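Student: sequence and predicted structure are below.
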Amino acid sequence: MSESVSSPTFSLEALRNGDRKEFARLVDTFSTPIYRLALKILGDPQDAEDILQETFIKALSALPTFEGRSSLSTWLYRIAVNEALMMLRRRKPETLLTENDGGDEESGNGESTYLIDWCCLPEEELLSEEARQFLDHAIAQLPENLRLVFWLRDVEGLSIKETAEALGLSETNVKTRLLRARLRLRELLSDYYRERMEVRREEDAN
Amino acid sequence: MPTKKCKALLSQLSEYVDGTLDPRLCKVLERHLKTCEDCRVVLNTMRKTIDLYRTVGESQAIPNEVRERLFYRLDLSEYLKKRP
């Protein structure tokens, strides 16, 4: 889990030279993760679609000068994140992704009372329609800067380094945010699944 | 109840889960985990949390019509293969 998931390789030369077929392959490979990311940031399908299109339009025009210092995927994520955050700021001007924003507050998770192991719940309970909705609800409660780190690292499988590059943060900062995001989500989910365990216990008793 | 030691080790759990924690710190953490059920619960449920989000996230594909509009917008419709 420490490295990013493997993705198909692309010919940078073909892409730089405007090879349409190779670009179509790139679009096909990354349209889903870019769309998911935009949706996660903006929460609105139409906005997410706009960002998706904007990302690839920008990428297409910037490819001839892409130097390849980061991977193509990281570069695409970075364009998408910037576009999505710009849109978000137009809507809510106070939203900013800075190095310290949200990173320094005391999480207080150390004394968590949610120390119930709910891993033993059956899969159909952990991933029920209601549970999926709760997962969405829980991640939406995270501050933007924690949510993005968690999403890129843990859902899309980018490495710490790639996540840092995509978000323009230091690796240390990514690690700090990742820990906070994971602890916070774990706590929220523990609250939910503990209730589910209690409900099941009651049902079994009757 | 969580002790001071639990709280100190909590900050290392994330790197431990990723397999990037320094081996010496790993040993200390693993020794603690053997005797502390609370920390084991935090570790297990943190792993499960990541696991659930990954499972759900990966199952969310781009809707077909969004993908089609993207290809048209980029003038790539000739490469638009139908998905199985």
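Tutor: That came through fine.
Student: what about the residue nearest to A:R177 when sequence neighbours are not counted, distance to chain B?
Tutor: In space, and not counting its chain neighbours, A:R177 is closest to A:V149: 4.2 Å by Cβ to Cβ, 6 or more residues apart in numbering or on different chains. The way it works is simple: take the backbone N, C-alpha and C, and place the C-beta from them, glycine included. From A:V149 over to chain B the distance is 11 Å, taken as Cβ to the nearest Cβ, to the nearest Å.
Student: for the helix or strand harbouring A:V149, name the packing helices and strands.
Tutor: Counting by DSSP states H and E, the element that carries A:V149 is helix A:144-150. In terms of contacts (3 or more Cβ pairs under 8 Å, 6 or more residues apart in numbering or on different chains; DSSP states H and E), helix A:144-150 is packed against helix A:20-42, helix A:129-140, helix A:160-167, helix A:171-205.
Student: just the buried residues of the third one, please?
Tutor: Right, helix A:160-167. Within helix A:160-167, the residues scored as buried using 16 or more other Cβ atoms under 10 Å in any protein chain shown are A:I160, A:E162, A:T163, A:A164, A:E165, A:A166, A:L167.
Student: and for stretch A:39-56?
Tutor: Neighbour counts over stretch A:39-56 (16+ other Cβ under 10 Å) mark A:39-42, A:47-56 as buried.
Student: setting aside sequence neighbours, what's the nearest residue to A:S170?
Tutor: Once flanking residues are discounted, A:S170 sits nearest to A:A164: 6.2 Å by Cβ to Cβ, 6+ apart.
Student: got the contact list for that neighbour?
Tutor: A:S170, A:E171, A:N173, A:V174 (Cβ atoms under 8 Å, 6 or more residues apart in numbering or on different chains).
Student: could you redo the last one with a cut-off of 10 Å?
Tutor: By Cβ atoms under 10 Å, 6 or more residues apart in numbering or on different chains, A:A164 lies in contact with A:T74, A:V149, A:L152, A:R153, A:L158, A:S170, A:E171, A:T172, A:N173, A:V174, A:K175.
Student: about what we covered before: check the buried residues of stretch A:39-56 and tell me the two furthest apart.
Tutor: Spatially, the most separated pair among the buried residues of stretch A:39-56 is A:K40 and A:F56, at 17.9 Å (Cβ to Cβ).
Student: now do the SS call for A:C120.
Tutor: coil (DSSP: H, G, I helix; E, B strand; the rest coil).
Student: flag the shaky bits of chain B, pLDDT-wise.
Tutor: By pLDDT under 70, the weakly predicted segments of chain B are B:1-2, B:82-84.
Student: in it, which helix is the longest?
Tutor: When chain B is scanned for its longest helix (criterion: DSSP state H), the result is helix B:37-58.
Student: that helix to helix A:20-42, inter-axis angle?
Tutor: Using axes from the mean of the first three to the mean of the last three Cα atoms, to 10 degrees, the direction of helix B:37-58 lies 130 degrees away from that of helix A:20-42.
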